[in-house]
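Asker: Turn this into a model:
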Amino acid sequence: MADVWVAWLAFAVLAASPGPSIMAIMGTSLAYGRMAGMRFATGVVTGSVVWGVLSALGTAALLSQAAWMLTGLKIAGGGYFLWLAYKAGRAAYRNTPVQEGTVNPQRAYFSGLALHLTNPKAVFSWTTIVVLGMPAGAPAYHTFLILAGCAALAIIINFGYAIVFSNQQVVCGYRKVKRWVDGTLAVLFTLAGVRLLTWRT
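Answerer: Residues are numbered from 1 along each chain as shown. Just a heads-up that it's a prediction; the model follows:
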C-alpha cells in the first residue's frame, strides 16, 4: 500500500505544478468565469484519466517506445501551445477587455481535453506513476486504487485552480493587470510550445 501512496504523492506534485494546463485553467477562469474554468478543467481531468487508463493497460508504455507516434504528439502539442500563445499575445497587444460568458462550454471542455491529450510528457508521467505504484509482485487491485486516487486528486487540484482564479476579488485584480497576464501567458505558452517541439523523444 505504501507504493500506492508514493504514486499518489508523485501525481499530486506533477498535477499541482504550474504547467501549461494549470496556466490555461487560470487564464480561462480569470477571463471567462468559474463555469468556463470548470469546463476547461474537466477536459484536462478527462485527458489525465485517459492517459492513466492507457498506462495501466500498458498502451502508454508501448506508445513511449514508438518514436513516430511521440513525434506526432510532440508536433500536435507544440503547435497547440503556440496557437494558445498567439491568442494570448494578440489579446495583450490589442489590450482586449474582459469578455465574460463568451466561451462555448463544449469548446472550453474540448480545449482542455486537447491540451492534455497532445502533451507527450503526460505519457511518461503516467507511465512513471504506474511503475511507482505497481512494483513486481504488487496486487492487481493497486492499479484501480492508483487510478481512482489520481482521478480524485486531478479533480480537486484542477477544479481548485478554477475556483480560486474565478473568485470575484481575483477577477477584479485581474482586470487591472489583464494585459500583463495575457503577455505572461503568451511567453509561457511560447516557451512550452518551443520546448515541446525541440524535445528529443
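Asker: which helices and strands does the helix or strand that T42 is a member of pack with?
Answerer: T42 is part of helix 34-57 when elements are defined by DSSP states H and E. On a contact count with 3 or more Cβ pairs under 8 Å, 6 or more residues apart in numbering; DSSP states H and E, helix 34-57 meets helix 20-32, helix 59-65, helix 105-117, helix 121-133, helix 141-164. All C-beta atoms are positioned from the backbone trio N, CA, C, and that covers glycine.
Asker: can you tell me the average pLDDT over that helix?
Answerer: Here helix 34-57 scores 90 as its mean pLDDT.
Asker: Buried residues, it. List them.
Answerer: Buried residues in helix 34-57, counted by 16 or more other Cβ atoms under 10 Å: 34, 36-52, 54-56.
Asker: quick revisit: just give me the lowest mean pLDDT stretch among the helices and strands packed on helix 34-57.
Answerer: Comparing mean pLDDT across the helices and strands packed on helix 34-57, the weakest is helix 59-65, with a mean of 57.
Asker: What residue in this protein is the furthest from its centre?
Answerer: Relative to the centre of the chain, the most outlying C-alpha is that of G137, 31.7 Å out, by Cα atoms, centre = their mean.
Asker: tell me the secondary structure for that one?
Answerer: Three-state assignment for G137 (DSSP: H, G, I helix; E, B strand; the rest coil): coil.
Asker: Now G173: which helix or strand?
Answerer: Counting by DSSP H and E, G173 is part of helix 168-197.
Asker: now for that helix, which elements pack on it?
Answerer: Looks like helix 168-197 contacts helix 20-32, helix 67-94 (3+ Cβ pairs under 8 Å, 6+ apart).
Asker: got those as a markdown table, with distance to S166 and mean neighbour count columns?
Answerer: Shown next, in a markdown table, are the helices and strands packed on helix 168-197 (distance: least, Cβ to Cβ, whole Å; neighbours: other Cβ atoms under 10 Å):
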| stretch | distance to S166 | mean neighbour count |
| --- | --- | --- |
| helix 20-32 | 4 | 24 |
| helix 67-94 | 18 | 17 |
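Asker: Distance to V170 for these - can I get that in JSON lines?
Answerer: JSON lines is the format used below for the helices and strands packed on helix 168-197 (distance: least, Cβ to Cβ, whole Å):
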{"stretch": "helix 20-32", "distance to V170": "7"}
{"stretch": "helix 67-94", "distance to V170": "18"}
